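Q: coordinates for the following, if possible.
(2 chains)
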Amino acid sequence: MNKFYITTSIVYVNAPPHIGFTLELIQTDVLARYNRQKGREVWFLTGTDEHGIKVLRAAQKAGLKPGAFVSKIATQVKNLKKVFNLSWNDFIRTSDKKRHWPGALKLFKILAANKDIYLKKYSGLYCVGCEKFITEKELVSRPVGRDSSSIVTAGLCPIHLKKPEFIEEENFFFKLSKYGKKIESLIKSRKLEIIPESRRNEILSFLKKGAEDISISRLKSNNSWGIPIPNSNQTLYVWLDALSNYISAVGFGCLASKDKNKFKKLWPADVHIVGKDIIRFHAVIWPAFLMSAKLPLFKKLLVHGFITIEGKKISKSIGKVIDPFELAKKYNTDPVRYYLLREIPSDNDGDFSYQKFEERYNTDLANGLGNFASRTIALANNMDFPDDLKVLKEIEVRIEKTRKTVDFRINEFKLHEALASIWELIKFGDRYVNASRPWETKDKKTIFNLIVILDNLSALIEPFLPETSLKIKKAIKWEKGKLKIKKIKPLFPKIESSSFN
RNA sequence: CGCGGGGUGGACCAAUGGUUAGGUCGGAAGCCUCAUAAGCUUUAGAAGCGGGUUCAAUUCCCGCCCCCGCAACCA
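A: Modelled structure (predicted):
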């Protein structure tokens, strides 16, 4: 089987896309490109999660109809594709009645047919922010206003510090409790992989306590902006709706035979990439849905962390926010990709700061890769290479070692470390130039070896920095079987002084 | 006693019950001049506090102090 089906989570459209989701897309893009490079038939899916009360309220606030509002945000998300040179093959929107709704409803029907769905009356305090019920015990009190001693508001959601709404309704419930133990053993046996290990442990300890049944629908009167469940007064709860995108997008629920074949070919997904906040939905609820529907489970869940900005949480109110579009405009695509992939550990939280960005840019990109490419190309420019040049064994071995390390790091979802090992090869190249002094000797063998290193660097960085890789490739030309080196502009002009200090 | 993560050179991070605790950035000195004032080499500089286990603790255990996350707006 040579296919490789990889997804991001689908981003919630209550606000324009930000740097965090951009990170997820870029990480996924690296894995997609890497697997294409390895000759696999890659299908890279992303999309938008467009239903729910929060979206409806955000639309009202913006003075737009929900449909118009979500389309506007979805377009912004789609714009990330060319700005960050992303290579997704498909984009699914959960408001898409043709592509998504049939699949989501089919999943619901199958779960119901398998007797895993039942009706239950439920009353309780519902927090719109969390989109879930919270218990009285969870409620907290918080002082309000500047004089914290005076006014105290009680009965607040501990997360959003807002008063939850009292809701009494009858909803459809899914028998998650039936599947907890099975999922636990699948994760334990590593048939279902969760990376990194710390996240795997987190889920295992959660499952140990036992998973409870979950509500999977809402009253239409409370949540009109959702997929209506036929013959009922309910709409699908956001998670059954959202999670089913991974199958609906590849043809599940569609009747045309080409869609059926597509689903047969692509499902199960090889990798889902998600943020740490939605790990439970993906590591517990989603496998349970799939088991109930007797569909094969996805193979791997990669969990990334969050980005802080100058050490602080992303925060619109105190200006801790980075607009991915502005960032790309100021620094270009590949430098931003590089920073996010190198400075933020793929499987952990990381920090963004302009100072660190410019440091990384100058040392790694301008002085590192850019300068190595410049000196190599300058040495080789207009040189006539004989046909019988061979690569030095030592260099071949060194390149092979890098390649193996990169494979290993990517496989364990440590993209930052993969990049670090590529940069060690650059350092090796610099040392080799200094030691062999080709500007003095004009030795063609030495210079050819340098070109080989540069050529391999270009291939190694392709998943990470596709545009830069292409630029280097263009400098190394084979014309009628002869190697010709063409001068190129500096890959990364140095940033001289920062406007952010 | 909510749960969890963490305190290692100036900054960020790594490994480790046992000679000189490793890397990157930054600092200093030297080399080189092909290259984007880039590159290479060398070098200075570090375990939060207190106790315990041990022949030996940065590592294991206990206590304390401090920071952060779970936990506004969010992935």
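
Q: burial of the residue lying closest to A:D387 once chain neighbours are set aside, as a residue count?
A: Excluding its sequence neighbours, the residue lying closest to A:D387 (C-beta to C-beta, 6 or more residues apart in numbering) is A:G481, at 7.0 Å. Every C-beta, even on glycine, is put in place using the N, C-alpha and C of the backbone. By other C-beta atoms under 10 Å, 6 other residues sit near A:G481.

Q: just checking, A:G481 touches A:F385?
A: No. In this structure, A:G481 is not within contact of A:F385 by C-beta atoms under 8 Å, at 10.6 Å.

Q: where in chain A is pLDDT low?
A: A:1, A:123-124, A:127-163, A:167, A:209, A:311-320, A:497-501 (pLDDT under 70).

Q: max-length helix in it?
A: Identified as the longest helix of chain A according to DSSP state H is helix A:415-436.

Q: who does the helix or strand following it touch, helix- and strand-wise?
A: Sequence order places helix A:438-441 as the next helix or strand after helix A:415-436, per DSSP states H and E. If contacts are counted by 3 or more C-beta pairs under 8 Å, 6 or more residues apart in numbering; DSSP states H and E, helix A:438-441 sits against helix A:444-461.

Q: what's the closest non-adjacent residue to the closest residue to RNA strand B within the stretch 401-501 of chain A?
A: Across the stretch 401-501 of chain A, the shortest distance to RNA strand B (C-beta to the nearest atom of the strand) belongs to A:W439, at 2.9 Å. Excluding its sequence neighbours, the residue lying closest to A:W439 (C-beta to C-beta, 6+ apart) is A:L379, at 6.5 Å.

Q: now do A:F252
A: A:G103 (4.4 Å).

Q: from the contact counts, what lies against the helix or strand containing that neighbour?
A: In this assignment (DSSP H and E), A:G103 forms part of helix A:101-113. Counting contacts by 3+ C-beta pairs under 8 Å, 6+ apart, helix A:101-113 packs against strand A:234-236, helix A:238-243, helix A:245-248, helix A:286-292.

Q: how about that helix: buried residues?
A: The neighbour-count check on helix A:101-113 (16 or more other C-beta atoms under 10 Å) flags A:W101, A:P102, A:G103, A:A104, A:L105, A:K106, A:L107, A:F108, A:I110, A:L111 as buried.

Q: likewise stretch A:418-426?
A: Using 16+ other C-beta under 10 Å as the test for burial, stretch A:418-426 gives A:A418, A:L419, A:S421, A:I422, A:W423, A:L425, A:I426.

Q: ok, and does that stretch reach over to RNA strand B?
A: No. Stretch A:418-426 does not reach RNA strand B (C-beta under 7 Å from any atom of the strand); its nearest approach is 7.5 Å.

Q: number of residues surrounding the residue of chain A found nearest RNA strand B?
A: Taking C-beta to the nearest atom of the strand, RNA strand B has its nearest neighbour within chain A at A:G370, 1.7 Å off. Residues lying near A:G370 (other C-beta under 10 Å) number 20.

Q: quick one: it and A:F492 touch, right?
A: Yes. Between A:G370 and A:F492 there is a contact at 4.1 Å, judged by C-beta under 8 Å.

Q: quick check on A:T308: phi, psi?
A: A:T308 adopts backbone torsions of phi -100, psi 160, taken as degrees, to the nearest 10.

Q: on that earlier part again, reformat the helices and strands packed on helix A:101-113 as JSON lines; add mean neighbour count.
A: Listed next are those as JSON lines, based on neighbours: other C-beta atoms under 10 Å:
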{"stretch": "strand A:234-236", "mean neighbour count": "24"}
{"stretch": "helix A:238-243", "mean neighbour count": "25"}
{"stretch": "helix A:245-248", "mean neighbour count": "26"}
{"stretch": "helix A:286-292", "mean neighbour count": "22"}
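
Q: distance to RNA strand B added to those, as JSON lines?
A: Below are these laid out as JSON lines (distance: least, C-beta to the nearest atom of the strand, whole Å):
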{"stretch": "strand A:234-236", "distance to RNA strand B": "19"}
{"stretch": "helix A:238-243", "distance to RNA strand B": "11"}
{"stretch": "helix A:245-248", "distance to RNA strand B": "14"}
{"stretch": "helix A:286-292", "distance to RNA strand B": "14"}
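
Q: and of the ones you listed, who's closest to A:P16?
A: The minimum distance between A:P16 and the helices and strands packed on helix A:101-113 falls on helix A:238-243, with 18.8 Å, by C-beta to C-beta.

Q: same for that closest one, what does it pack against?
A: Packed next to helix A:238-243, using 3+ C-beta pairs under 8 Å, 6+ apart, are strand A:41-49, helix A:101-113, helix A:286-292.

Q: residues contacting that helix, please?
A: By C-beta atoms under 8 Å, 6 or more residues apart in numbering, the residues outside helix A:238-243 that reach it are A:10, A:49, A:51-52, A:94, A:104, A:107-108, A:131, A:174, A:214, A:216-217, A:226-227, A:281-282, A:285-286, A:289.

Q: now swap in stretch A:66-79 and tell me
A: A:11, A:13-17, A:21, A:48, A:50, A:55-56, A:58-59, A:62, A:64, A:91, A:93, A:95, A:225, A:325.

Q: mark which of these are buried, thanks.
A: Buried, going by 16+ other C-beta under 10 Å: A:11, A:13-14, A:17, A:21, A:48, A:50, A:55-56, A:58-59, A:91, A:93, A:95, A:225, A:325, out of these.

Q: these: which ones sit near RNA strand B?
A: Within the buried ones among the contacts of stretch A:66-79, those near RNA strand B by C-beta under 7 Å from any atom of the strand are A:V11, A:N14, A:P17, A:F21.

Q: is the helix or strand harbouring A:N79 positioned near RNA strand B?
A: Here A:N79, judged by DSSP H and E, is contained in helix A:66-83. No. Helix A:66-83 stays clear of RNA strand B (C-beta under 7 Å from any atom of the strand), getting no nearer than 9.9 Å.

Q: for the residue nearest the centre of chain A, list the residues it contacts.
A: Geometric centre of chain A, nearest residue: A:E24, 2.2 Å, by C-alpha atoms, centre = their mean. By C-beta under 8 Å, 6+ apart, the contact list for A:E24 reads A:T8, A:S9, A:I273, A:V274, A:G275, A:H304.

Q: ok, the fourth one touching A:W286?
A: No. Using C-beta under 8 Å, A:V274 is not in contact with A:W286, being 9.7 Å away.

Q: so which bits of the stretch 1-150 of chain A are right by RNA strand B?
A: Where the stretch 1-150 of chain A comes near RNA strand B, counting by C-beta under 7 Å from any atom of the strand, the residues are A:9, A:11-12, A:14-15, A:17-21, A:23-24, A:54, A:129.

Q: in helices only, show me those.
A: The members of these that map onto helices under DSSP H are A:I19, A:G20, A:F21, A:L23, A:E24, A:K54.

Q: near RNA strand B, which residues of the stretch 401-501 of chain A show up?
A: Residues of the stretch 401-501 of chain A lying near RNA strand B (C-beta under 7 Å from any atom of the strand): A:427, A:430-431, A:433-435, A:437, A:439-440, A:490-494.

Q: emit the ChimeraX select command for whichever of these are buried.
A: The ChimeraX selection below is limited to those of those classed as buried (16+ other C-beta under 10 Å):
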select /A:430,433,491,492
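
Q: chain neighbours aside, what residue packs nearest to A:F306?
A: Closest residue in space to A:F306, ignoring its immediate chain neighbours: A:D349 at 5.1 Å, by C-beta to C-beta, 6+ apart.
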